[in-house]
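1. This is the structure alone, sequence omitted:
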(Lines give C-alpha, C1' and ligand atoms only; values in the text may rest on other atoms or scores of the structure.)
Protein backbone atom coordinates (compact mmCIF):
# COMPACT_ATOMS: atom_id res chain seq x y z
CA UNK A 1 0.00 0.00 0.00
CA UNK A 2 1.44 3.39 -1.00
CA UNK A 3 2.10 5.85 1.76
CA UNK A 4 -0.18 8.90 1.60
CA UNK A 5 1.78 12.14 1.66
CA UNK A 6 0.55 15.17 3.58
CA UNK A 7 -0.59 18.09 1.49
CA UNK A 8 1.97 20.80 0.92
CA UNK A 9 0.95 23.97 2.73
CA UNK A 10 1.05 26.96 0.37
CA UNK A 11 1.08 30.41 1.90
CA UNK A 12 1.15 33.54 -0.25
CA UNK A 13 1.51 37.27 0.05
CA UNK A 14 -1.92 38.83 -0.59
CA UNK A 15 -0.72 40.09 -3.98
CA UNK A 16 -0.04 36.46 -5.00
CA UNK A 17 -3.21 34.72 -3.75
CA UNK A 18 -4.77 34.28 -7.21
CA UNK A 19 -1.58 32.67 -8.47
CA UNK A 20 -1.49 30.43 -5.37
CA UNK A 21 -5.01 29.22 -6.22
CA UNK A 22 -3.90 28.50 -9.80
CA UNK A 23 -0.86 26.54 -8.61
CA UNK A 24 -2.97 24.46 -6.23
CA UNK A 25 -5.52 23.72 -8.95
CA UNK A 26 -2.82 22.67 -11.44
CA UNK A 27 -1.28 20.34 -8.84
CA UNK A 28 -4.73 18.92 -8.04
CA UNK A 29 -5.29 18.16 -11.74
CA UNK A 30 -1.88 16.49 -12.08
CA UNK A 31 -2.47 14.35 -8.98
CA UNK A 32 -5.96 13.31 -10.16
CA UNK A 33 -4.81 12.33 -13.64
CA UNK A 34 -1.78 10.48 -12.31
CA UNK A 35 0.38 12.17 -14.93
CA UNK A 36 2.85 13.38 -12.32
CA UNK A 37 3.79 10.98 -9.56
CA UNK A 38 6.15 13.49 -7.91
CA UNK A 39 3.44 16.12 -7.36
CA UNK A 40 1.78 16.38 -3.96
CA UNK A 41 -1.60 17.90 -3.28
CA UNK A 42 -1.36 21.55 -2.32
CA UNK A 43 -3.48 23.21 0.32
CA UNK A 44 -3.63 27.00 0.00
CA UNK A 45 -3.53 28.60 3.43
CA UNK A 46 -4.94 32.08 3.96
CA UNK A 47 -4.11 32.14 7.63
CA UNK A 48 -1.55 34.94 7.73
CA UNK A 49 -2.99 38.15 9.08
CA UNK A 50 -1.20 40.99 7.29
CA UNK A 51 -1.94 43.86 9.66
CA UNK A 52 -0.13 47.10 10.37
CA UNK A 53 0.59 48.97 13.57
CA UNK A 54 -0.26 52.70 13.71
CA UNK A 55 3.36 53.49 12.73
CA UNK A 56 2.94 51.33 9.56
CA UNK A 57 5.26 48.54 10.71
CA UNK A 58 3.87 45.04 10.08
CA UNK A 59 1.61 43.42 12.66
CA UNK A 60 1.68 39.81 11.45
CA UNK A 61 0.09 36.66 12.81
CA UNK A 62 -0.12 33.10 11.44
CA UNK A 63 -3.33 31.44 12.62
CA UNK A 64 -3.08 27.68 13.28
CA UNK A 65 0.71 27.86 12.92
CA UNK A 66 1.02 24.38 14.46
CA UNK A 67 -0.11 23.00 11.09
CA UNK A 68 3.42 23.76 9.84
CA UNK A 69 5.00 21.20 12.17
CA UNK A 70 6.59 18.38 10.14
CA UNK A 71 5.02 19.65 6.91
CA UNK A 72 6.45 20.80 3.60
CA UNK A 73 5.68 24.50 3.40
CA UNK A 74 5.84 26.79 0.37
CA UNK A 75 5.59 30.58 0.39
CA UNK A 76 4.72 32.41 -2.80
CA UNK A 77 6.42 35.79 -2.39
CA UNK A 78 6.34 39.02 -4.30
CA UNK A 79 9.01 41.63 -3.76
CA UNK A 80 7.29 44.00 -6.19
CA UNK A 81 7.83 46.99 -3.89
CA UNK A 82 10.20 47.83 -1.04
CA UNK A 83 7.07 48.45 1.05
CA UNK A 84 6.24 44.73 1.16
CA UNK A 85 9.68 43.13 1.42
CA UNK A 86 10.12 43.57 5.19
CA UNK A 87 6.74 42.06 6.07
CA UNK A 88 7.40 39.03 3.88
CA UNK A 89 10.93 38.55 5.24
CA UNK A 90 9.40 38.52 8.72
CA UNK A 91 7.15 35.62 7.69
CA UNK A 92 10.00 33.83 5.90
CA UNK A 93 12.15 34.01 9.03
CA UNK A 94 9.31 32.68 11.23
CA UNK A 95 8.10 29.61 9.29
CA UNK A 96 11.18 27.38 9.86
CA UNK A 97 11.02 28.15 13.59
CA UNK A 98 7.61 26.48 13.66
CA UNK A 99 9.32 23.19 12.75
CA UNK A 100 8.40 22.96 9.09
CA UNK A 101 9.93 19.82 7.59
CA UNK A 102 11.01 21.78 4.51
CA UNK A 103 10.51 25.30 3.25
CA UNK A 104 10.48 26.58 -0.31
CA UNK A 105 10.16 30.22 -1.23
CA UNK A 106 8.98 30.98 -4.75
CA UNK A 107 9.96 34.43 -5.94
CA UNK A 108 8.79 35.38 -9.44
CA UNK A 109 11.67 37.78 -9.91
CA UNK A 110 14.64 39.17 -8.03
CA UNK A 111 13.94 42.91 -8.03
CA UNK A 112 17.50 44.05 -7.37
CA UNK A 113 18.95 41.65 -9.90
CA UNK A 114 20.14 44.37 -12.24
CA UNK A 115 22.27 45.83 -9.44
CA UNK A 116 24.54 42.83 -9.02
CA UNK A 117 27.87 44.54 -9.65
CA UNK A 118 29.73 47.72 -8.88
CA UNK A 119 31.01 49.56 -11.96
CA UNK A 120 31.96 52.79 -10.20
CA UNK A 121 33.43 53.30 -6.74
CA UNK A 122 30.60 54.23 -4.39
CA UNK A 123 27.92 52.31 -6.26
CA UNK A 124 26.11 49.77 -4.05
CA UNK A 125 25.26 46.27 -5.26
CA UNK A 126 21.79 46.03 -3.72
CA UNK A 127 21.37 42.52 -5.11
CA UNK A 128 23.98 41.35 -2.59
CA UNK A 129 22.04 43.06 0.22
CA UNK A 130 18.78 41.33 -0.68
CA UNK A 131 20.56 37.99 -1.10
CA UNK A 132 22.07 38.44 2.38
CA UNK A 133 18.63 39.12 3.85
CA UNK A 134 17.18 35.99 2.21
CA UNK A 135 20.21 33.98 3.36
CA UNK A 136 19.25 34.68 6.97
CA UNK A 137 16.16 32.45 6.72
CA UNK A 138 16.65 29.80 9.45
CA UNK A 139 17.26 26.16 8.59
CA UNK A 140 14.36 23.70 8.54
CA UNK A 141 14.33 20.15 9.87
CA UNK A 142 15.64 19.01 6.46
CA UNK A 143 18.21 21.76 6.13
CA UNK A 144 18.35 24.93 4.04
CA UNK A 145 15.37 26.69 2.57
CA UNK A 146 15.12 26.45 -1.19
CA UNK A 147 14.54 29.81 -2.89
CA UNK A 148 13.22 29.40 -6.44
CA UNK A 149 13.59 32.57 -8.51
CA UNK A 150 12.00 32.66 -11.94
CA UNK A 151 13.72 35.80 -13.19
CA UNK A 152 17.06 36.20 -11.46
CA UNK A 153 18.47 38.56 -14.16
CA UNK A 154 22.03 37.31 -13.76
CA UNK A 155 23.12 33.75 -12.96
CA UNK A 156 26.17 34.84 -10.90
CA UNK A 157 23.69 36.22 -8.32
CA UNK A 158 23.31 32.66 -7.05
CA UNK A 159 26.74 33.02 -5.45
CA UNK A 160 25.65 36.01 -3.35
CA UNK A 161 23.59 33.68 -1.14
CA UNK A 162 25.05 31.94 1.91
CA UNK A 163 25.09 28.19 2.42
CA UNK A 164 21.86 28.48 4.46
CA UNK A 165 19.90 28.93 1.24
CA UNK A 166 19.66 26.85 -1.91
CA UNK A 167 18.97 29.38 -4.68
CA UNK A 168 17.52 27.96 -7.88
CA UNK A 169 16.61 29.60 -11.12
CA UNK A 170 13.32 28.06 -12.20
CA UNK A 171 14.30 28.51 -15.84
CA UNK A 172 17.29 26.16 -15.62
CA UNK A 173 16.85 22.38 -15.83
CA UNK A 174 17.53 20.76 -12.45
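-> Happy to help now that I have it. Since the model is a prediction, treat every value here as computed from it, not as a measurement.

2. three-state assignment of the spatially most central residue of the chain?
-> Nearest to the centroid of the C-alpha atoms of the chain, with distances taken as CA atoms, centre = their mean, sits residue 105, at 1.7 Å. With DSSP: H, G, I helix; E, B strand; the rest coil as the basis, the three-state label of residue 105 is strand.

3. do residue 75 as well
-> Of the three states, residue 75 takes strand according to three-state DSSP.

4. swap in residue 122?
-> The three-state assignment at residue 122 reads coil, by three-state DSSP.

5. swap in residue 85?
-> Three-state assignment for residue 85 (three-state DSSP): helix.

6. With residue 108 instead?
-> Using three-state DSSP, the three-state assignment for residue 108 comes out as strand.

7. Give me the pLDDT for it.
-> On pLDDT, residue 108 comes in at 86.

8. Quick check: it touching residue 78?
-> Yes - counting by CB atoms under 8 Å, residue 108 sits close enough to residue 78 to count as a contact (6.5 Å). In this view, the C-beta of every residue, glycine as well, is placed from N, C-alpha and C.

9. Strands of the protein, residue ranges please.
-> Remark: strands assigned in the chain by DSSP state E are 8-12, 42-44, 48-52, 58-62, 72-76, 102-109, 145-151, 165-169.

10. Does anything pack onto the longest one? Which helices or strands?
-> Helices and strands in packing contact with strand 102-109 are listed as strand 72-76, strand 145-151; criterion 3 or more CB pairs under 8 Å, 6 or more residues apart in numbering; DSSP states H and E.

11. Nearest to residue 66, out of those?
-> Proximity to residue 66 (CB to CB) singles out strand 72-76 among the helices and strands packed on strand 102-109, at 12.4 Å.

12. which other helices and strands contact the closest one?
-> In terms of contacts (3+ CB pairs under 8 Å, 6+ apart), strand 72-76 is packed against strand 8-12, helix 17-33, helix 82-94, strand 102-109.

13. What pairs with that strand, parallel or antiparallel?
-> strand 8-12 (parallel), strand 102-109 (parallel) (DSSP bridges).

14. and residue 141, how many residues sit next to it?
-> Applying the criterion other CB atoms under 10 Å, we find 13 residues in the vicinity of residue 141.

15. should've said residue 130
-> 22.

16. what's the pLDDT at it?
-> Among the per-residue scores, residue 130 holds a pLDDT of 88.

17. now swap in residue 73 and tell me
-> pLDDT recorded at residue 73 is 96.

18. cool, the one 3 residues further on as well?
-> At residue 76, the model reports a pLDDT of 97.
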